[in-house]
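Novice: My questions are about this predicted structure, shown below with the sequence.
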Amino acid sequence: MTRIAFCDDDAALLHQMQDFLEQYRTLRGVQLELAPYTKPMELLADIEAGVQFTVQAGISQALPVSESDLCVLLSNALENALHAAVRCREAGQGAFIETTGHEKGKKLFLQITNSCLPDVQFREGVPVTDRTGHGLGVRSICAISERYGGLTSFAAKDGQFTLRVML
């Protein structure tokens with residue numbers, strides 16, 4: 001399991017994240033171009049101490065999803081998780097993001113759980129917001145899941161938000 005604790009120094013934080021992404025690329029044996037999907041990294045540069053990030057994944061090189069779709073899905077999911085965790089931290093609550101991924105048979109299972117405030121709203125089982133320009137990431141996650149005949153679920157309970165995706 002890779003464990004990254006966000007630190008006070010933005011440069012050190014970005015270095016830790018770059019190391020994690022390089023480990024991912026090495027383990028996967030791919031030259032993954034993340035440049036179009038660096039929005040979460042930009043957000044990370046603005047975060048101060050207080051958000052704990054953990055990743056536990058066992059994923060093979062032959063996935064049932066394209067590299068670009070996986071990047072878009074993870075990028076959107078992690079950006080949403082970071083926004084929620086930062087809001088918790090700013091409210092004086094614990095802030096964390098836990099990411100897990102594994103394969104079973106020919107299916108990929110991803111779960112991202114993060115701290116959240118109790119104000120998460122849902123419509124037809126999907127989180128919604130009334131903020132202009134927001135909500136596109138959730139729609140993108142659902143569209144990717146549908147493209148592969150997968151399933152997506154969202155839940156918020158007891159200060160934790162959980163996204164589950166099966167592809």
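Specialist: Ah, there it is. Note that the structure is predicted; figures quoted are calculated from it, not measured.
Novice: going forward, measure contacts between C-alpha atoms and count neighbours the same way
Specialist: Noted.
Novice: Isn't residue 111 up against residue 99?
Specialist: Yes. Between residue 111 and residue 99 a contact is recorded at 5.8 Å, counting by Cα atoms under 8 Å.
Novice: neighbouring contacts of the helix or strand hosting residue 110?
Specialist: For residue 110, the host element (DSSP states H and E) is strand 107-115. Surrounding strand 107-115, the residues in contact under the criterion Cα atoms under 8 Å, 6 or more residues apart in numbering are 63-64, 77-78, 81, 84-85, 88, 94-103, 159-167.
Novice: List the pairing partners of that strand within its sheet, with orientation.
Specialist: Here the strand partners of strand 107-115, with direction, are listed using DSSP bridges: strand 95-104 (antiparallel), strand 160-166 (antiparallel).
Novice: just the CA coordinates of the longest one, formatted as CSV?
Specialist: What it means is strand 95-104. Presented in CSV, the C-alpha positions along strand 95-104 are these (Å, rounded to 0.1, in the frame of the first residue of the first chain):
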residue,chain,number,x,y,z
ALA,A,95,-9.9,15.0,6.4
PHE,A,96,-8.9,11.9,4.5
ILE,A,97,-9.1,10.2,1.1
GLU,A,98,-8.8,6.4,0.8
THR,A,99,-8.5,4.9,-2.7
THR,A,100,-8.6,1.2,-3.4
GLY,A,101,-8.6,-0.8,-6.6
HIS,A,102,-8.5,-4.4,-7.5
GLU,A,103,-9.5,-6.9,-10.2
LYS,A,104,-11.7,-9.9,-10.0
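Novice: which residues in this protein form strands?
Specialist: When assigned using DSSP state E, the strands of the chain occupy the ranges 2-5, 51-58, 95-104, 107-115, 121-123, 126-128, 151-157, 160-166.
Novice: Serialize these to JSON lines and add fields for mean neighbour count.
Specialist: Formatted as JSON lines, the strands of the chain follow (neighbours: other Cα atoms under 10 Å):
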{"stretch": "strand 2-5", "mean neighbour count": "13"}
{"stretch": "strand 51-58", "mean neighbour count": "16"}
{"stretch": "strand 95-104", "mean neighbour count": "18"}
{"stretch": "strand 107-115", "mean neighbour count": "21"}
{"stretch": "strand 121-123", "mean neighbour count": "11"}
{"stretch": "strand 126-128", "mean neighbour count": "16"}
{"stretch": "strand 151-157", "mean neighbour count": "16"}
{"stretch": "strand 160-166", "mean neighbour count": "19"}
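Novice: Thanks a lot, see you next time.
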